[in-house]
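Student: Here's a sequence, model it:
(one chain, ligands or ions: 1)
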Amino acid sequence: MSLLKLIGLGLSSKFITQKAIDELSTSDFIYLDSYTSLSCDINEETVSTLLKKEVPIYRANRTLLENNFKNILSLLDEGKNVAIATIGDPMIATTHSSLVSEVKNRGHGYIIVPGVSVHCYIISKSLLSSYRFGKSVTIVYPFDNKVDTTPYKTLKENQERNLHTIFYLDIRDNTPMNAVEAINLLIKMEEIERKNVLSLDDPIIIGERLGCEDEEVVAMKVHEVFDYKFKPQPHIIVYPSKSLHFMELEGLKCLMKK
Ligand SMILES: C[S@@+](CC[C@H](N)C(=O)[O-])C[C@H]1O[C@@H](n2cnc3c(N)ncnc32)[C@H](O)[C@@H]1O
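Tutor: I've put the predicted structure just below:
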């Protein structure tokens with residue numbers, strides 16, 4: 001039976017697991033997912049140097065993976081094992097679960113190799129309680145000048161339940177949104193919705209280049225992002241709940257910018 005392998009590579013090359021390398025090395029083709037996330041140092045070359053044998057590696061954008069999935073199905077029909085390698089975890093904040101049901105319905109098998117996800121990584125480094133995270137959401141670039149306020153609504157719902165919110169930031173045409181653009185959009189959403197969800201004095205936590213040598217996790221007030229010199233993307237934002245446990249407050253103090 002042919003296998004579709006959904007393989008998580010972690011956030012940077014030092015987080016790639018032995019299991020991921022073994023499964024990639026026993027694949028006939030590797031598609032490197034280039035649109036659900038990005039890494040400071042994982043690319044076709046990094047992956048190929050880790051493999052135990054030569055395997056063709058292709059860069060796969062959303063069109064290829066979601067719309068032209070037929071090509072991958074044909075390879076599986078021919079008895080080939082195909083790997084889709086994703087930065088982070090292949091099933092967290094991606095749509096890859098739909099690929100699993102497609103291959104299963106066609107009589108093929110699948111395996112999932114979890115990777116160190118930005119989701120778990122920022123929860124760990126935020127020093128907030130992992131039990132108190134609500135729904136996470138992506139802040140997307142405006143489309144036709146229209147701002148999608150879903151992230152604001154999610155923040156409101158989480159705040160009503162005293163839960164923390166993780167904001168992933170959109171990646172469009174290989175350009176990842178930065179923390180300042182994201183905060184500007186949240187401020188715009190407050191102006192549109194006017195539910196007093198966001199205050200410029202609220203603390204937020206920003207993760208920059210997580211998993212890379214120069215990673216940074218820093219807490220600051222919302223208005224302070226405009227004067228802060230951030231490292232290049234990728235960035236991720238955590239909006240803590242309004243009422244924090246005293247241990248979480250101590251943690252937040254540890255992360256406050258100097
Ligand atoms: C939609 S999520 C995909 C998560 C991925 N499947 C995983 O498990 O890590 C991608 C977003 O997470 C954030 N992100 C990913 N890697 C990051 C990193 N190393 N440092 C900071 N933020 C990161 C960025 O906002 C990026 O646009």
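
Student: going forward, measure contacts between C-alpha atoms and count neighbours the same way
Tutor: Noted.

Student: how about the strands in the stretch 1-150 of the chain?
Tutor: 3-8, 29-33, 57-60, 82-86, 109-113, 137-139 (DSSP state E, counting those that start in this stretch).

Student: Please apply the same query to the stretch 151-258 of the chain.
Tutor: Counting by DSSP E, counting those that start in this stretch, residue ranges of the strands within the stretch 151-258 of the chain are 165-169, 171-172, 175-176, 203-208, 216-221, 235-239.

Student: Present those as TSV; the columns should include distance to residue 41, mean neighbour count and mean pLDDT.
Tutor: Putting the strands of the stretch 151-258 of the chain into TSV (distance: least, Cα to Cα, whole Å; neighbours: other Cα atoms under 10 Å; pLDDT from 0 to 100) gives the following:
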stretch	distance to residue 41	mean neighbour count	mean pLDDT
strand 165-169	19	24	98
strand 171-172	17	15	92
strand 175-176	15	15	91
strand 203-208	14	23	98
strand 216-221	16	19	98
strand 235-239	15	24	98
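
Student: Same list, those strands, but as CSV with distance to residue 30 please.
Tutor: Formatted as CSV, those follow (distance: least, Cα to Cα, whole Å):
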stretch, distance to residue 30
strand 165-169, 26
strand 171-172, 22
strand 175-176, 23
strand 203-208, 28
strand 216-221, 31
strand 235-239, 27
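
Student: What's the separation between the residue in the chain sticking out farthest from the centre and residue 109?
Tutor: Within the chain, the residue lying farthest from the chain centre (Cα atoms, centre = their mean) is residue 78, at 32.5 Å. For residue 78, the distance to residue 109 (Cα to Cα, to the nearest Å) stands at 13 Å.

Student: Equivalent analysis for residue 128, please.
Tutor: Distance of residue 128 to residue 109, computed by Cα to Cα: 38 Å.

Student: which parts of the chain sit against the ligand?
Tutor: 11, 36-39, 87-90, 92-94, 117-119, 168-171, 176, 207-211, 234-236 (Cα under 6 Å from any ligand atom).
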